[in-house]
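Participant: give me a model of this one.
(chains A, B and C)
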Amino acid sequence: MPEGHSVHRLAKQFGSVFAGEQLAVSSPQGRFAAGAALLDGGTLLSALAHGKQMFLRFDGDRVLRVHLGLYGAWSFGGDATFRGASSIGAPRRVGESEQPTGDAGASTYAGPPEPVGAVRVRLVSPHGWADLRGPTACEVITAAEEQAARARLGPDPLQPDSDATVFVSKVTSSITPVGVQLMNQAVIAGIGNIYRAEVLFLQGINPWRPGKQLRDDEAGGIWADTVRLMKDGVREGRIITTTPEARNGRPKRSAPNYVYKRTGEPCRRCGTPILTAEMAARNVYWCPQCQAD
DNA sequence: CGGTTATGTATAG
DNA sequence: TATACCTAACCGC
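Facilitator: Purely as a prediction, here's the structure:
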């Protein structure tokens, strides 16, 4: 998926283009017909991202909980109030940016297009539309259930009131490798496979090191760098972790990351070939020199 | 056109 | 640890 930064961009977008609007909700694909009927005609009050989950709060104690999973994505279109709205979700290539959607920001908006492909949910306001494809989770819950779902998540580096000490104490109290813990959404909410690899490289920490062997300041460094990287991700709409110097003058898209998906290629800092291994069913990447342990 | 791949998670065993 | 979920782009034939 789409790591946490994408979900925060989505929540912002829903808040700016749909909040306060009455929405027609449907499920062109049919798999969400019952849930769509519950929401149809409701007014969107607010949108919130916590980690990789998004909560769209409607009036009448109705909340649409969406988790994009590995392949989910939203696309948008509409009149001038939708200017800048992009398709946000699972990119298909490393470093890919969000794609402008068909008629987002059109000066003459004539309503939503015929649904293309498997559209699980379609939201339509007087000003535009949003289509959701391929989510892992998509359900209508209550505000109380939203609170319960959020209580199962760890602190989100992108929420200003998140408590870094909660993350630090969790990660340092378990012998589980730090690279496994960073993918555990109950430890820190929003990190995915790219941020895991990149933040551990930047902090010079081997993914296999047990959490208990991290000093508090090392865990705090992981948190602080994750906040920085994910804020950059929200701003850019892509995960760019390399500095211009590390890219050696090359464009961001050709060298966006230090280690992610660079198996066998030379480390951008020391030239040592990047290693990869399976860790908790996902590929982890690291530089054996810069992240000796 | 079929096989592969993906920034994720839940569940079974 | 393995598999299911179930979408779309990409690649090789």
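Participant: okay, CA-based contacts and neighbour counts for the rest of this
Facilitator: Will do.
Participant: show me where pLDDT drops low in the stretch 101-250 of chain A?
Facilitator: Across the stretch 101-250 of chain A, residues meeting the criterion (pLDDT under 70) sit at A:101-107.
Participant: can you tell me the residue of it closest to DNA strand B?
Facilitator: residue A:192 (2.9 Å; CA to the nearest atom of the strand).
Participant: which secondary structure elements does the longest helix along chain A sit against?
Facilitator: Looking across chain A with DSSP state H, the single longest helix is helix A:216-236. Applying 3 or more CA pairs under 8 Å, 6 or more residues apart in numbering; DSSP states H and E, one finds that helix A:216-236 contacts helix A:4-17, helix A:164-171, helix A:193-202.
Participant: could I get those helices as a markdown table with mean neighbour count?
Facilitator: Compiled in a markdown table, the helices and strands packed on helix A:216-236 are given as follows (neighbours: other CA atoms under 10 Å):
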| stretch | mean neighbour count |
| --- | --- |
| helix A:4-17 | 22 |
| helix A:164-171 | 19 |
| helix A:193-202 | 23 |
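Participant: contacts only, for the residue of chain A positioned farthest from its centre.
Facilitator: Computed with CA atoms, centre = their mean, the residue of chain A farthest from its C-alpha average is residue A:108, at 31.6 Å. Counting by CA atoms under 8 Å, 6 or more residues apart in numbering, residue A:108 touches residue A:79.
Participant: got the buried residues for the helix or strand containing residue A:278?
Facilitator: In this assignment (DSSP states H and E), residue A:278 forms part of strand A:275-279. Within strand A:275-279, the residues that count as buried by 16 or more other CA atoms under 10 Å are A:275-276.
Participant: now the spatially closest residue to residue A:179 that is not a sequence neighbour, what are its backbone angles?
Facilitator: Excluding the flanking residues, the one nearest residue A:179 by CA to CA, 6 or more residues apart in numbering is residue A:207, at 4.3 Å. Dihedral pair for residue A:207: phi -60, psi -20, per degrees, to the nearest 10.
Participant: residue A:207: neighbour count?
Facilitator: For residue A:207, the neighbour count with other CA atoms under 10 Å is 24.
Participant: surely it meets residue A:200?
Facilitator: Yes: Residue A:207 lies in contact with residue A:200 (CA atoms under 8 Å); the separation is 6.7 Å.
Participant: residue A:50 reaches residue A:189, doesn't it?
Facilitator: Yes: using CA under 8 Å, residue A:50 is in contact with residue A:189, at 6.9 Å.
Participant: about what we covered before: make JSON lines out of the helices and strands packed on helix A:216-236 and add distance to residue A:115.
Facilitator: Below are the helices and strands packed on helix A:216-236 laid out as JSON lines (distance: least, CA to CA, whole Å):
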{"stretch": "helix A:4-17", "distance to residue A:115": "20"}
{"stretch": "helix A:164-171", "distance to residue A:115": "42"}
{"stretch": "helix A:193-202", "distance to residue A:115": "31"}
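Participant: let's have these in a markdown table, adding distance to DNA strand C.
Facilitator: Formatted as a markdown table, those follow (distance: least, CA to the nearest atom of the strand, whole Å):
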| stretch | distance to DNA strand C |
| --- | --- |
| helix A:4-17 | 17 |
| helix A:164-171 | 18 |
| helix A:193-202 | 14 |
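Participant: between residue A:207 and residue A:200, which contacts overlap?
Facilitator: Counting by CA under 8 Å, 6+ apart, the residues touching both residue A:207 and residue A:200 are A:179, A:286.
Participant: which residues does the residue nearest to residue A:179 contact?
Facilitator: A:177-180, A:197, A:200, A:284, A:286, A:293.
Participant: mind listing the helices for the stretch 1-150 of chain A?
Facilitator: A:4-17, A:33-39, A:143-151 (DSSP state H, counting those that start in this stretch).
Participant: tell me how many other residues crowd the nearest residue to residue A:27 once chain neighbours are set aside.
Facilitator: Distance criterion CA to CA, 6+ apart; nearest residue to residue A:27, sequence neighbours excluded, is residue A:121 at 4.5 Å. The number of residues packed around residue A:121, counting by other CA under 10 Å, is 25.
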